[in-house]
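K.L.:
Could you work out the structure for the sequence below:
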Amino acid sequence: MKKISSLLLIGVVFFCLSFKGDKAPKADMHAVETIKNEGYNNSKVMETLFELTDENGPRLTGSTGMKNAEKWAAERLKSWGLANVKIEPWGGFGKGWEINKCYVAMTAPYYQQLIAVPRAWTPGTNGLVKATTILVRIDSVDDMAKYIGKLKNKIVVLSPANIEAKPNFKPDASRVDDTDLRKMATDTLPAVAAPKPKTPAKPVINLRRAIDSFLYQEGATAVLSGGRGTMGTVFTSNGASRAWNAKPVVPEVEMGMEHLARIIRLLKAGKDVEVEMDTKTTFLMTDSMENNVVAEIPGTDPKLKDELVMLGGHMDSWHAATGATDNGVGVAMAMEAIRILKATGFKPRRTIRIVLWSGEEQGLLGSRGYVKNHFGDRLTMELKPDQEKVSAYYNLDNGGGKIRGIYLQGNEALRDLFQAWLQPFADSGATTVTIKNTGSTDHISFDEVGIPGFQFIQDGLDYGTRTHHTNMDSYDRASASDLKQASVILASFVYHTAMLDEKLPRKPLPVVNPAPDSYRR
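P.N.:
Now for the predicted structure:
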């Protein structure tokens, strides 16, 4: 390993500003047409997505579904003739968790089955329970006092600040319009702000954790919460820690807006509301080690075969549905891209490596663990020799929309090259190269240690409104034509990167990461 000092990091210049030769970059049109022919006329992407989602089911990291999906992916990649296929551990995770049963209904003042999903890492009810409900609104620790002694054997309804279902006059699904794409193409990176002087950190109270402990201590039977989604959509999340020493919490389910709002209105009107529920969840505690799935097409150039071009996406999902758009489609498209490259018989100069990640939803854990094990530590910037061997990592994790361009992630030296590689796909709407950064997914793990990592601009469709982390995130929300287009473009980018005389130019190495847990999702 080599230690890079902060002073040296600041002074590092670009690896290179242009490629050798005076010719403008261009795509290999014979290769592009071969990739298009395989990707459009012999596509397996929807078959792959079906097997990953409908057959394997939800894939919360640490769950049985995730373990099954890892085995399935490894077998599928082997069946396509890929080399060096393995399920590779990246590190410890904590307790696994999965749902075995969920039934929730209002039984008074009348019967209504309710749409609800247990929050991840919360316990079940240990059989059918029936109890009256009580409305609870806690905005600060001081608010807890008024509920002391009132919650025992009650089902607590946590009231959000605002829960009103208003008409939505915008479509659920949309594509990026040309005006936004033109703006993205001309965007500039914001100026780096001068560091602010450090001030003593104030004690931070995690209010939700304090509420959880309070409800448990007061003997509440269960909790109803949520209210974000409308028209039957429920947004899911974790409700407790996965740590081995996590504090106990009350069983909790999240609900969509309409059902939760009805209960809240009835309680505010002074009506008695009774709910019965039977939820069963299982904590998986025999193995805390989690994995990524790895496979390769070996390089053929004696001088370049030890270098890597990487692609991938995260295979883990949330638990309320089968994780099709987040991120089954990204996995299916990455697998389809490498299948296309293998099926065409191309002989890449560099080794092409696909990695399918776990733990992304909990903070890029699988990709960060992999990068730390193979390439370097983002917190200390101690880099391993293989860090220099990676030309690029390409990621897909913005839903099932077709590709409209690519984020340069601040690497202006690549604009002309990427523009040339997109040109053969202009007729399908992929035209835009933007200097902008985008975060929140696994290319960041590479960017953090100085490896070029990229995420594509994609049409949002109904990802942000209807499927992202919801009970509606199923195979039905995927568009076959969009997935084929994105798979073909990804395959083309990977192929062209693998065939260059040189690795892609790099940005200056980052300074030691000032925010080790920075992650937005």
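K.L.:
Give me the buried positions along stretch 95-110.
P.N.:
Going by neighbour count (16 or more other Cβ atoms under 10 Å), the buried part of stretch 95-110 is 95-99, 102, 104, 106. Quick note: C-beta positions are derived from backbone N, CA and C, even for glycine.
K.L.:
Now, the residues you listed that are in strands?
P.N.:
Taking DSSP state E, the ones among these that sit in strands are 96-99, 102, 104, 106.
K.L.:
wait, which of these is closest to residue 374?
P.N.:
residue 96 (24.7 Å; Cβ to Cβ).
K.L.:
For the closest one, give me its contacts.
P.N.:
Residue 96 is in contact with 60-64, 242, 283-285, 287-288, counting by Cβ atoms under 8 Å, 6 or more residues apart in numbering.
K.L.:
picking up where we left off before, please identify which of the buried residues of stretch 95-110 is nearest to residue 497.
P.N.:
Residue 497 has its nearest neighbour among these in residue 96, at 35.9 Å by Cβ to Cβ.
K.L.:
Identify the bridge partners of that closest one.
P.N.:
Residue 96 has the following beta-bridge partners by DSSP bridges: residue 284.
K.L.:
Report the separation between it and residue 209.
P.N.:
Going from residue 96 to residue 209 by Cβ to Cβ, to the nearest Å gives 21 Å.
K.L.:
Going along the chain, name the helices of the protein.
P.N.:
Using DSSP state H, the helices found in the chain span residues 6-11, 29-41, 45-50, 64-79, 178-186, 207-217, 257-268, 329-343, 365-374, 415-422, 443-447, 480-499.
K.L.:
Between those helices, which one is closest to residue 226.
P.N.:
Among the helices of the chain, helix 257-268 sits nearest to residue 226 (Cβ to Cβ), with 6.0 Å.
K.L.:
For that closest one, which helices and strands make contact with it?
P.N.:
Contact here means 3 or more Cβ pairs under 8 Å, 6 or more residues apart in numbering; DSSP states H and E; on that basis helix 257-268 packs against strand 129-136, strand 155-158, strand 222-226.
K.L.:
Run the chain-centre distance for that helix.
P.N.:
How far helix 257-268 lies from its chain's middle: 32 Å, per Cα atoms, centre = their mean, to the nearest Å.
K.L.:
quick check: angle from it to strand 129-136?
P.N.:
Going by axes from the mean of the first three to the mean of the last three Cα atoms, to 10 degrees, helix 257-268 is angled at 80 degrees with respect to strand 129-136.
K.L.:
Contacts made by helix 257-268 with the rest, please.
P.N.:
Helix 257-268 has contacts (Cβ under 8 Å, 6+ apart) with 106, 109, 112, 114-116, 133-135, 157, 159, 163-165, 224-232, 273, 275.
K.L.:
cool, and stretch 355-367?
P.N.:
Outside stretch 355-367, the residues touching it (Cβ under 8 Å, 6+ apart) are 60-61, 66, 70, 73, 90-91, 93, 238, 242, 290-294, 310, 312-318, 327, 331, 334-335, 369-370, 397, 441-442, 444-446, 517, 519, 521.
K.L.:
The residues you listed in strands, which ones?
P.N.:
90-91, 290-294, 310, 312-314.
K.L.:
which among the residues you listed end up buried?
P.N.:
By 16+ other Cβ under 10 Å, the ones in strands among the contacts of stretch 355-367 give 90-91, 290-294, 310, 312-314 as buried.
K.L.:
ok, residue 272 to residue 109 distance?
P.N.:
For residue 272, the distance to residue 109 (Cβ to Cβ) stands at 7 Å.
K.L.:
what residue ranges in the stretch 201-350 of the chain are flagged as low confidence?
P.N.:
By pLDDT under 70, the low-scoring segments of the stretch 201-350 of the chain are 201-205.
K.L.:
90 - rerun?
P.N.:
Low-confidence segments of the stretch 201-350 of the chain (pLDDT under 90): 201-205, 227-229, 256, 286-288.
K.L.:
How many residues are close by residue 206?
P.N.:
9 (other Cβ atoms under 10 Å).
K.L.:
ok so, going back, closest to residue 174 among the contacts of residue 96?
P.N.:
residue 60 (28.8 Å).
K.L.:
How many neighbouring residues does the spatially closest residue to residue 443 that is not a sequence neighbour have?
P.N.:
Excluding its sequence neighbours, the residue lying closest to residue 443 (Cβ to Cβ, 6 or more residues apart in numbering) is residue 453, at 3.5 Å. Using other Cβ under 10 Å, residue 453 has 25 neighbouring residues.
K.L.:
Return the distance of residue 453 relative to residue 327.
P.N.:
Using Cβ to Cβ, residue 453 is found at 16 Å from residue 327.
K.L.:
Now do the contacts for residue 46.
P.N.:
332, 478, 480, 483.
K.L.:
next one: residue 102
P.N.:
So, once contact is read as Cβ under 8 Å, 6+ apart, residue 102 ends up touching 116-118, 253, 278-280.
K.L.:
and the residues you listed as a markdown table, adding distance to residue 356?
P.N.:
Below are these laid out as a markdown table (distance: Cβ to Cβ, whole Å):
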| residue | distance to residue 356 |
| --- | --- |
| 116 | 31 |
| 117 | 25 |
| 118 | 26 |
| 253 | 30 |
| 278 | 35 |
| 279 | 30 |
| 280 | 29 |
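K.L.:
Top of the residues you listed by number of neighbours, please.
P.N.:
Busiest of these [other Cβ under 10 Å] is residue 118, holding 29 neighbours.
K.L.:
That residue contacts residue 124, doesn't it?
P.N.:
Yes: at 7.3 Å, residue 118 counts as touching residue 124 under the criterion of Cβ atoms under 8 Å.
K.L.:
shared neighbours, these two?
P.N.:
Taking Cβ under 8 Å, 6+ apart as the contact rule, residue 118 and residue 124 both touch 251, 279, 281.
K.L.:
Looking at the residues you listed, which are in strands?
P.N.:
279, 281.
K.L.:
how long is stretch 476-484 end to end?
P.N.:
End-to-end distance of stretch 476-484 (Cα to Cα, to the nearest Å): 16 Å.
K.L.:
ok, and what's touching that stretch?
P.N.:
Identification of contacts with stretch 476-484 by Cβ under 8 Å, 6+ apart yields 39-40, 43, 45-46, 49, 324-325, 328-329, 332-333, 336, 400-402, 459, 461-462, 466-467.
K.L.:
From those residues, list the buried ones, please.
P.N.:
Buried among the contacts of stretch 476-484 (16+ other Cβ under 10 Å): 39, 43, 45-46, 49, 324-325, 328-329, 332-333, 336, 400-402, 459, 461-462, 466-467.
K.L.:
Adding distance to residue 429, write the helices and strands packed on helix 257-268 out as CSV.
P.N.:
Compiled in CSV, those are given as follows (distance: least, Cβ to Cβ, whole Å):
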stretch, distance to residue 429
strand 129-136, 49
strand 155-158, 43
strand 222-226, 36
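K.L.:
And those: which comes nearest residue 171?
P.N.:
Relative to residue 171, the nearest member of these by Cβ to Cβ is strand 222-226, separated by 23.8 Å.
K.L.:
strands paired with that closest one, and their directions?
P.N.:
Next to strand 222-226 in the sheet, as set by DSSP bridges, lie strand 155-158 (parallel), strand 252-255 (parallel).
K.L.:
buried sites along that strand?
P.N.:
So strand 222-226, judged by 16+ other Cβ under 10 Å, has buried residues 222-226.
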